[in-house]
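Asker: Compute the structure for the input listed below.
(one chain, ligands or ions: 3)
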Amino acid sequence: MLIDRFGRVITNLRISVTSRCNLSCFYCHREGYSAENELSVEEIGEIGRAFRTLGVKKVKITGGEPLVRSDIAEIVGVLNIFDETSMTTNGIKLGKLASELKEAGLSRVNVSLDTLDEEKYKLLTRGGELKKALNGISEAVSVGLTPVKLNMVVMKGINVDEMWEMVDFAREFRGDVILQLIELMKLPWNENNYYDLSEIEKELKKIASKVKVRNMQRRRQYFLDGVVVEVVKPYDNSEFCKACNRIRVTADGKIKPCLMRNDNLVDIRGLKGKDLISAIKKAVQLREPYYKG
Ligand SMILES: Nc1nc2c(ncn2[C@@H]2O[C@H](COP(=O)(O)OP(=O)(O)OP(=O)(O)O)[C@@H](O)[C@H]2O)c(=O)[nH]1
Ligand code: SF4
Ligand code: SF4
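Answerer: Ligands and ions are numbered 1, 2, ... in the order given. Got it, this is the predicted structure:
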């Protein structure tokens, strides 16, 4: 088992398979790192198996946009050794790939969807077609990559007014879709769009029949009439970091102990067997909560 100096047990691996993307969202943080030489399928498999041996239960495939890799189904295949293998995608290529990914062993997907307005979608993603993302979501639901989580980054002056419409949209999928409301990660060029989700959480609490607190980052899930809404509020949130059970691997094979930092990366590319295991253990000891409270 992997446990860091703060008693946090690592149960989730997030592996970025590319820094490339077919969209260019203005708020993109690209998992806080940009890589050039992508890991091969074999290298990803080796790393996945090592984390599995060390007790990690779930893996999330991220990017950039994972579906721009032509060997993505093979990647899913080699990572299909965990209790759950999921992916975060913008959904643009999902319509075509959903069924192949399901067959390769993918459990479920999270799809970014900040607006239901075609023009706004185009502006936010710098050229993306909303129709394709929506088609990706329905295909994912129909092949059983469920629950599909819709990631809506709530932004002042952009889409706060669409939040309840998005709740209704998710509700139409009768339990197969969960809406995740995500607080914007402040970057120098988007601070004016930051919107604190506290008030919305108060409203959700009033109308929810049940509120569940996930172990992972103590996130709250609000059970509304016919739909679940999860709130992801990492900003300046020590409770979130205290319960952070995930570790990242960058697309070029470096362990990244925290999303918000690049000063403590550990290169594991090319390592195998005992060397790989001991490098992973060393990286885990570098983990510390980013927001300490
Ligand atoms: N600070 C911080 N934010 C995170 C972390 N992981 C995810 N997030 C935020 O959560 C958003 C959604 O992440 P996803 O990749 O869809 O996955 P998830 O919701 O974290 O994971 P699941 O609930 O297991 O599907 C990201 O855009 C980030 O804003 C993390 O480790 N630290
Ligand atoms: S789809 Fe995701 S990875 Fe691509 S630009 Fe948008 S936020 Fe970034
Ligand atoms: S900021 Fe770092 S410590 Fe906090 S939840 Fe995210 S990855 Fe974990």
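
Asker: which residues does the residue in the stretch 151-293 of the chain that ligand 2 sits nearest to contact?
Answerer: Per Cβ to the nearest ligand atom, Val153 is where the stretch 151-293 of the chain lies closest to ligand 2, at 8.3 Å. All C-beta spots, glycine's among them, are computed from the backbone N, C-alpha and C. By Cβ atoms under 8 Å, 6 or more residues apart in numbering, Val153 lies in contact with Tyr27, Ser112, Asp114, Ile182, Glu183, Leu184.

Asker: leaving aside the residues next to it on the chain, what's closest to Lys242?
Answerer: Using Cβ to Cβ, 6 or more residues apart in numbering and skipping the chain neighbours, the partner closest in space to Lys242 is Pro289 (5.7 Å).

Asker: burial count for the one you found?
Answerer: When neighbours are counted by other Cβ atoms under 10 Å, Pro289 registers 18.

Asker: what ranges do the strands span in the stretch 1-150 of the chain?
Answerer: Using DSSP state E, counting those that start in this stretch, the strands found in the stretch 1-150 of the chain span residues 12-16, 58-62, 84-89, 108-112, 148-154.

Asker: Next one: the last one, is it in contact with ligand 1?
Answerer: It refers to strand 148-154. Yes: using Cβ under 6 Å from any ligand atom, strand 148-154 reaches ligand 1 at Lys149, Asn151.

Asker: For the residue of the stretch 151-293 of the chain closest to ligand 2, which non-adjacent residue is spatially closest?
Answerer: Val153 sits nearest to Ile182 (Cβ to Cβ, 6+ apart), 4.7 Å away.

Asker: try Ile255
Answerer: Ala283 (4.0 Å).

Asker: The one you found falls within a strand, correct?
Answerer: No: under DSSP: H, G, I helix; E, B strand; the rest coil, Ala283 falls outside any strand and is assigned helix.

Asker: Hmm, it is touching Cys258, no?
Answerer: No: between Ala283 and Cys258 no contact is recorded; they are 10.7 Å apart, counting by Cβ atoms under 8 Å.

Asker: The two: which is more packed in?
Answerer: Neighbours were counted for Ala283 and for Cys258 using other Cβ under 10 Å; Ala283 has more, 24 against 19.

Asker: Report the separation between the more buried one and Leu271.
Answerer: 11 Å (Cβ to Cβ, to the nearest Å).

Asker: try Glu172
Answerer: 47 Å.

Asker: Same check on Arg261?
Answerer: Counting by Cβ to Cβ, the gap from Arg261 to Leu271 is 21 Å.

Asker: Looking at the two now, which is surrounded by more residues?
Answerer: Leu271 (19 against 15).

Asker: got the residues of the stretch 151-293 of the chain near ligand 1?
Answerer: Residues of the stretch 151-293 of the chain lying near ligand 1 (Cβ under 6 Å from any ligand atom): Asn151, Gln180, Ile182, Met185, Val232, Pro234, Cys244, Arg246, Leu259.

Asker: got a winner among these for most neighbours?
Answerer: Cys244 leads these on contacts (other Cβ under 10 Å) with 24 neighbours.

Asker: Wait, it touches Val9, no?
Answerer: No: with contact defined as Cβ under 8 Å, Cys244 does not reach Val9; the gap is 10.5 Å.

Asker: Mutual contacts of these two, please.
Answerer: In contact with both Cys244 and Val9: no residue, using Cβ under 8 Å, 6+ apart.
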